[in-house]
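Peer 1: the sequence and its predicted three-dimensional model are supplied below.
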Amino acid sequence: MSFFTSSSAAGGPIIDFAAAESSLEIAGLSLAYGEKPALRDLTLRIPRHRVTAFIGPSGCGKSTLLRALNRLHDLNEEVVRRGEIRLEGQDIHAPQVDVAELRRRVGMVFQAPNPFPMSIYDNVAFGLRLQGGMRKREMDDTVEWALHSAALWEEVKDRLRASAWTLSGGQQQRLVIARTLAVQPEVLLLDEPASALDPISTLKIEELIRNLKSRLSLVLVTHNMQQAARVSDYTAFLQQGELVEYGPTQTLFTNPRLRRTENYITGRMI
Amino acid sequence: MRTLWRRRGEGPWPWLAAGSVALSLLMLLALLLLLAIRGLGHFWPAEVALVALQDGQPFAGVAVREEQIPGEETRERLYFTGNRDLDGDRWRWVEVSAIADIRHPAELVVLQRSRWGEFHGRLVAVTGGGEHHTGEAAWPALQARLSELDVLRDERDRLRDDVVVPLVRRLDNAGNLADADFRAALAAANARIRELQSAMGDDILILESVDGRRIEQPLDLVLRAWRPNAMSPLDKLGAWAGGVWLFLSEGPRAANSAGGVWPAIFGTVLMVLLMSLVVTPFGVLAGIYLNEVAHQGPLTRLVRIGVRNLAGVPAIVYGVFGLGVFVYGIGGTLDEWFFSESLPSPTFGTGGLLWASLTLALLTLPVVIVATEEGLARVPDHQREGALALGATRMEMLTRVVLPMTLPAMLTGMILAVARAAGEVAPLMLVGVAKLAPQVPVDGDFPFLHLERKFMHLGYHIYDAAFHGDDVQAAMPLVFATALLLVLVILVLNLTAIFLRHHLRARHGAPSRW
Amino acid sequence: MKDPRPPLSLRLRRRRVRDRLATLLITAGGVGVVVSVLAIGVFLALEVVPLFLGADALSPRELWGPQPVEGYAEPQHRWRPEPLIEGDTTHFGMAPLVWGTLKAALWALLFAVPLALGAAIHSALYMPRRLRTRLKPTLELMEALPGVVIGFVAGILLAPWVERHLAGSLALLVALPLGMVAAGGLRALLPMPLRVRLSPGWAGLWLMPWLVLVGVATLWLAPAIEAALFGGDLRGWLADTLDLDYAARNAMVVGLAMGFAVIPGIYALAEDALAGVPGSLGEGAQALGATRWQTLWKVLLPAAAPGIFSAIMIGAGRAAGETMIVLMASGNTALMSINPLEGLRSLSATIAIELPEAAVGGTHYRLLFLAALVLFAFTFLVNTLAEGVRTRLRRRYRRLEGGT
């Protein structure tokens, strides 16, 4: 992994990866909700098979950036966007791109667990059924595999037909991860996935994240810096829609280059 | 005095407010009780009084009500005396002061006849089939013979309605007088009917009114017989239940003043069914369009306001629209294209089942649209995002996640639409209802469902019987019963919708427990 | 094993096609439905236009102003669109019909608004929550009662009864409110344990038997009152002294029946408006020592006024369009008088009675369409206004609540 530092427009040193090593490339991305700007001229590359964390004070745009990566902003008519996002070299906003397929390849887990009002099995099989054409045995196998990958199989294997809403919060979140894994994404976006969970569930999710990076690239938004420090390989610090600093997690937390970063990390400002 | 007010309370106004609630509830209660008592009470076998007047003449009748003659001190009582063939009238007003004696002899008999209505009096003799019963034996003989007669009558009526009438109609239409099979079947049926008729026509009753006049009554014209003064409360309860059942299952007789309302029930249900078949898909479609597909700009907002306002437009306006566009417009055109041989007698160019259903579907469309939109709005955004994040297209998200969650709301909308349509009469007066529809719109003739026929309707039946009958007084109890039935049906529908809505709100509180 | 499914690109394309097709279908259906619903007004207008064009065009004065009528010295308002006998002249004066519609609506509101508002105030301010949640659906059921049943009871039972007991009926209008107030006063005189049992919150219920008592007493006393004040003949007195005719089916009876039908609608909207007033306003007033009623009068009602106003407007629209009740309880006489004890004829009832007989495309036919258009425009306008007022009210509440 070769990397070189360069300066961004904001004046702080930024990690840059080679295109071949990155899963997602963000180039000059600016985004506004109507008149209110949310992201300002962001440029960074997300490395493959690593965990990248976005941290920053509330309102800094980290969730907005995450949702831009799977074009969820398409649902909002007010959003104005400039700049490019590339998945494995392809512009995700190109006219011939199928949004549904993009969202399969770039999966997302939300802050509050949102399982469908269906059985556990049906939740996991949802994405598979969209693809169509799978025979029952194959679907059963895939569901089991997905639940294994999400570290949930042992707890639910005897009640796959039970409603997903009978699970605890932590289990529901792992179920959501399982159903996302079932469609075999390349990237997994996680928007504060454990903020609504108890500490034990949080640890389980964090362990899951660490195990998954061998197969996927993960992008994690979190307001919990300890979590970022525990789990991620690289961390990007955003403030007011700008990318302030981006580097290996160890370095960013122990020896940040910029004063602003240091202030945030040590808690001198919110 | 002012300090008294201020110390004691807040003045008179809160009591007026509380009284408003009380008064509104009282009015509602009074209406429902009125309908229940006069509607259900009609079927309770009333005792027949033998009234002897001061001037000697006795008569038998059922006391209906009493009134003060306006401007005078005396009171009058109205008796239902029946015996239209003997007296020329079924009712009698009597000054209470002129009554000398009232008794309720057990042997007084009430007969319900298919011609001339009810009879009040005494049973003298039963003759027929070589037998002759008088005195004590007459009543049991009558009852036995009546039940045998009922069986024969049922068969005759069934033959006539299900075999003869359709055959005749088919022969008329096809002009196939030469079709041997049809004619043979017709001849056989008619022969059997004649057989039955002669078997029934044998029996004669000798009846006597309480003032001594005798008549001969053919038994086959007698529908039911009972002795109200001799019935125990249990008997009366049975007769009451039987009366209610007949009301629901029979057709009207004697120009809507007797019999039942089955054709009106059937017509109302059929029309409402057709209407919901039309309004539910279109209303749901429009609701989905407005909430999920349309660009949420000022135009959509305007359209939404317009749709909600249309729920407030008077029903009669929809009737006018239905008449102009459906009946005369589309119906007239259909007649020209497909039914020109029948012209100038209109087939679809006049009111009928189809146009009535479509007009009411239009009327209740806003209800379904609003209910669907509310249901869709209640589906949380995170469920939609969850589906999209798994790679679903927008339609897939709608059909596999959102719509299943909206199903209860759509059902509520449909029920509310049905409840509203069941009670609307004004538009139907313009687009399809009939005072008396000889044929129900569904029968054994192809195409089985006749959309061009007029039909009977419970609400219209109330209006018609109460205002256009010749003997409104006699029809009154049945009108109350019909009104009660209509109100009960609508109340049940509304309660179901309210219950569903409550159940929905309780369920959609917090989807995930964490 | 080879994957039997079609290649991903094909599947994706199929799903995309399905998505687009379904969107198209929904759009077509939705637009079609919405357009046809909104086209009602357009269609009515189109049918009406020929009335005012061409050789036989009607002038607005013919429709609106009084016209000379045979046998009368002064021009009269007359509605006679078809000649009764050969050679009879036709008159197209719609003024009596509009007057009748408005009169019926006015009397309906006169009965309904005090009761509905009173009920809304009581339920929003005094009623315990348990009772209030039961009251609302009960009154909703009242709204579901079909007009034909209410009209039937009004025309067949109520009208003759009021005719026979005119003095008693009018006395009830006075006695019932007095009885409500008297209940409050009498309760204050009761010993404490009884007073507590009859709590104001439940007054909506326990006033019911009391009002029945008051009503029965009034009716029993009525003949005596009539004898004392009017020489035993109220109707005669009305005719002689006030020159008022009396018809059994009259505007007052119609108003009472329609009012009954309209109360639930006004109650629901008024209660929403009152309950939606941010609690901070009421609490602020009470903190300054105001009683509940003073708070209501000075703070809550003014704040909720637009909502209440819109509730009344919607009630007016409902009353103007009601057909069956007017048809059965108004006598259908096209009079233009102020006297509430005389009959009337409304636009909606006229349409119901006359349209089935009118010749298609004729003047009478189109006039009835004009009547329908007038009803449509009136209710549409009133409802849009009311909806606009409510939206502004909701915005105002939000500002009052969340404003910093």
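Peer 2: Looks like it arrived, so ask away.
Peer 1: which SS class is the nearest residue to B:Gly352 once chain neighbours are set aside?
Peer 2: Closest residue to B:Gly352 apart from its sequence neighbours, by C-beta to C-beta, 6 or more residues apart in numbering or on different chains: B:Glu452 at 4.5 Å. Backbone N, C-alpha and C define where each C-beta goes, glycine included. For B:Glu452, the assignment made with DSSP: H, G, I helix; E, B strand; the rest coil gives coil.
Peer 1: now do the contacts for B:Glu452.
Peer 2: Going by C-beta atoms under 8 Å, 6 or more residues apart in numbering or on different chains, B:Glu452 touches B:347-348, B:350, B:352-354.
Peer 1: and the furthest pair within those residues?
Peer 2: The largest separation in these, counting by C-beta to C-beta, is between B:Thr347 and B:Leu353 at 12.3 Å.
Peer 1: more neighbours: these two, which one.
Peer 2: B:Leu353 (24 against 18; other C-beta atoms under 10 Å in any protein chain shown).
Peer 1: what's the pLDDT at that one?
Peer 2: Listed pLDDT for B:Leu353 reads 89.
Peer 1: do the same with the one 5 residues further on
Peer 2: At B:Leu358, the predicted lDDT confidence score is 92.
Peer 1: could you measure from it over to C:Gly259?
Peer 2: Distance from B:Leu358 to C:Gly259, counting by C-beta to C-beta, to the nearest Å: 33 Å.
Peer 1: higher neighbour count, those two?
Peer 2: The neighbour comparison of B:Leu358 against C:Gly259 (other C-beta under 10 Å) goes to C:Gly259, with 25 against 22.
Peer 1: confirm that B:Val62 lies within a strand, as I assumed.
Peer 2: Yes. Applying three-state DSSP, one finds B:Val62 inside a strand.
Peer 1: shouldn't it be in contact with B:Leu78?
Peer 2: No. At 9.6 Å, B:Val62 does not count as touching B:Leu78 under the criterion of C-beta atoms under 8 Å.
Peer 1: contacts only, for A:Leu189.
Peer 2: Contacts for A:Leu189 were tallied using C-beta under 8 Å, 6+ apart; they are A:66, A:69-70, A:106-109, A:218-219, A:221.
Peer 1: make that B:Leu493, sorry
Peer 2: B:415-416, B:418-419, B:422.
Peer 1: filter those down to the ones in helices?
Peer 2: B:415-416, B:418-419, B:422 (DSSP state H).
Peer 1: select from those residues the one having the most neighbours.
Peer 2: B:Val418 (25 neighbours).
Peer 1: what's that one in contact with, if anything?
Peer 2: By C-beta under 8 Å, 6+ apart, the neighbours of B:Val418 are B:272, B:275-276, B:364, B:493.
Peer 1: could those be laid out in a markdown table, adding secondary structure and pLDDT?
Peer 2: As requested, the contacts of B:Val418 are exported to a markdown table (DSSP: H, G, I helix; E, B strand; the rest coil; pLDDT from 0 to 100):
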| residue | secondary structure | pLDDT |
| --- | --- | --- |
| B:Val272 | helix | 91 |
| B:Met275 | helix | 93 |
| B:Ser276 | helix | 91 |
| B:Thr364 | helix | 93 |
| B:Leu493 | helix | 88 |
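Peer 1: okay if I get those as CSV plus distance to C:Gly279?
Peer 2: Shown next, in CSV, are the contacts of B:Val418 (distance: C-beta to C-beta, whole Å):
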residue, distance to C:Gly279
B:Val272, 44
B:Met275, 44
B:Ser276, 42
B:Thr364, 37
B:Leu493, 36
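Peer 1: out of those residues, who's nearest chain C?
Peer 2: Checking the contacts of B:Val418 against chain C by C-beta to the nearest C-beta gives B:Leu493 as the nearest, at 8.1 Å.
Peer 1: which residue is the nearest non-sequential neighbour of that closest one?
Peer 2: B:Ala419 (3.9 Å).
Peer 1: tell me the pLDDT at the one you found?
Peer 2: Looking at B:Ala419, the pLDDT reads 88.
Peer 1: and for C:Leu256?
Peer 2: 94.
Peer 1: how much space separates it from chain A?
Peer 2: Going from C:Leu256 to chain A by C-beta to the nearest C-beta, to the nearest Å gives 49 Å.
Peer 1: picking that back up, out of the ones in helices among the contacts of B:Leu493, the closest to A:Glu242 would be?
Peer 2: Once C-beta to C-beta is applied, the member of these that ends up nearest A:Glu242 is B:Leu416, at 53.0 Å.
Peer 1: ok, so what distance separates the closest one from chain A?
Peer 2: From B:Leu416 to chain A the distance is 24 Å (C-beta to the nearest C-beta).
Peer 1: can you tell me how far that residue is from chain C?
Peer 2: From B:Leu416 to chain C the distance is 9 Å (C-beta to the nearest C-beta).
Peer 1: how about whichever strand or helix holds C:Pro137: buried residues?
Peer 2: For C:Pro137, the enclosing helix or strand under DSSP states H and E is helix C:129-144. Buried positions in helix C:129-144, judged by neighbour count with 16 or more other C-beta atoms under 10 Å in any protein chain shown: C:132, C:135, C:139-142, C:144.
Peer 1: near chain B too, which of these?
Peer 2: C:135, C:139-142, C:144 (C-beta under 8 Å from any C-beta of the partner chain).
Peer 1: how about those in JSON lines, adding distance to chain A and pLDDT?
Peer 2: Putting these into JSON lines (distance: C-beta to the nearest C-beta, whole Å; pLDDT from 0 to 100) gives the following:
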{"residue": "C:Leu135", "distance to chain A": "33", "pLDDT": "86"}
{"residue": "C:Leu139", "distance to chain A": "33", "pLDDT": "86"}
{"residue": "C:Glu140", "distance to chain A": "29", "pLDDT": "82"}
{"residue": "C:Leu141", "distance to chain A": "31", "pLDDT": "83"}
{"residue": "C:Met142", "distance to chain A": "36", "pLDDT": "87"}
{"residue": "C:Ala144", "distance to chain A": "31", "pLDDT": "87"}
